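Trainee: below is the sequence, then the predicted model.
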Amino acid sequence: GGATAYWVAESGAPTESAQAFDQIAMTPKTVGAFSDISRKLLLQSSIDVENFVQRDLATTIALAIDLAGLHGTGSSNQPTGIAATSGIGSVVGGTNGAAPDWDDLVDLETALATANADVGRMAYITNAKVRGKLKKTAIESGYPDKIWDVKAGSTPLNGYQALVSNQVSSALTKGTSSGVCSAIFFGNWADLIIGLWGGLDLMVDPYTGSTSGTVRVVALQDVDIAVRHAASFAAMLDALTS
């Protein structure tokens, strides 16, 4: 919160005001994965299979953290992602979802603007299904211009950058539209905080499966995710693409 301005008479003095600060509490939550490598695979592989497995586990952990930033439930030991954060802007397509249109995008942007949060590194992120739908959807019926403007290069959605990742769910449910709704997020991504406690722990365990010669590779990472300001994000979670 900021200071307060006062209009004062001649020789008058404004009332003292002070800035207000808050803290975001983050608690380490552990995400992990492991793979067992058989003795014969170690002997016969034409690649350095142990390093291959370690790199794959590191990628798997990174993708899990990425997904939690968007759709983490805040329960079952998961961090709370943007979609489950209380107070973010919300655009609703319909009781059973709806195809995204130009008005929905404008409403997402307006949700941030009315909260004075339309600053910083604002961008859209959605999945490939939504991108395909918006490339075929006209801004206004009867006109050729499409919502996803391929001519705009890196800023295809109403002048904003739009990123595409299939980490953004296309299996959400709204009303009778079960498991077919997609998400569209818009926000100031500098306000998504990912806290890491230490680096990725990679451990090679030759003992657990020693009787069969199996080597176990374990990956663990402690992480938490928080939205600095809920007003910095808005989401549509019931976009239909077919």
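Mentor: Happy to help now that I have it.

Trainee: burial measure for A98, as a count.
Mentor: The burial metric for A98, expressed as a neighbour count using other Cβ atoms under 10 Å, is 17. Every C-beta, even on glycine, is put in place using the N, C-alpha and C of the backbone.

Trainee: and the helix or strand of the chain with the lowest mean pLDDT, how far out from the chain's middle?
Mentor: Each helix and strand of the chain was given a mean pLDDT (mean pLDDT, DSSP states H and E); the minimum falls on helix 39-44 at a mean of 90. Relative to its parent chain, helix 39-44 has a centroid offset of 39 Å by Cα atoms, centre = their mean, to the nearest Å.

Trainee: who are the packing partners of it?
Mentor: If you count contacts as 3 or more Cβ pairs under 8 Å, 6 or more residues apart in numbering; DSSP states H and E, helix 39-44 packs onto helix 49-71, strand 214-227.

Trainee: next, the nearest residue to A68 once chain neighbours are set aside: phi, psi?
Mentor: Taking Cβ to Cβ, 6 or more residues apart in numbering as the measure, A68 lies nearest to P79, with 4.9 Å between them; neighbours along the chain are not counted. P79 adopts backbone torsions of phi -70, psi 170, taken as degrees, to the nearest 10.

Trainee: residues contacting P79?
Mentor: When contacts are counted by Cβ atoms under 8 Å, 6 or more residues apart in numbering, P79 is found next to K29, A68, G69, G72, V223, D224, I225, A226.

Trainee: could you export those as a markdown table, including neighbour count and distance to L108?
Mentor: Shown next, in a markdown table, are the contacts of P79 (neighbours: other Cβ atoms under 10 Å; distance: Cβ to Cβ, whole Å):
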| residue | neighbour count | distance to L108 |
| --- | --- | --- |
| K29 | 20 | 29 |
| A68 | 24 | 22 |
| G69 | 22 | 18 |
| G72 | 22 | 20 |
| V223 | 21 | 27 |
| D224 | 21 | 26 |
| I225 | 23 | 21 |
| A226 | 18 | 21 |
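
Trainee: need the max-distance pair from those.
Mentor: In terms of Cβ to Cβ, the contacts of P79 reach their longest pairwise distance at K29 and G69, which sit 12.4 Å apart.
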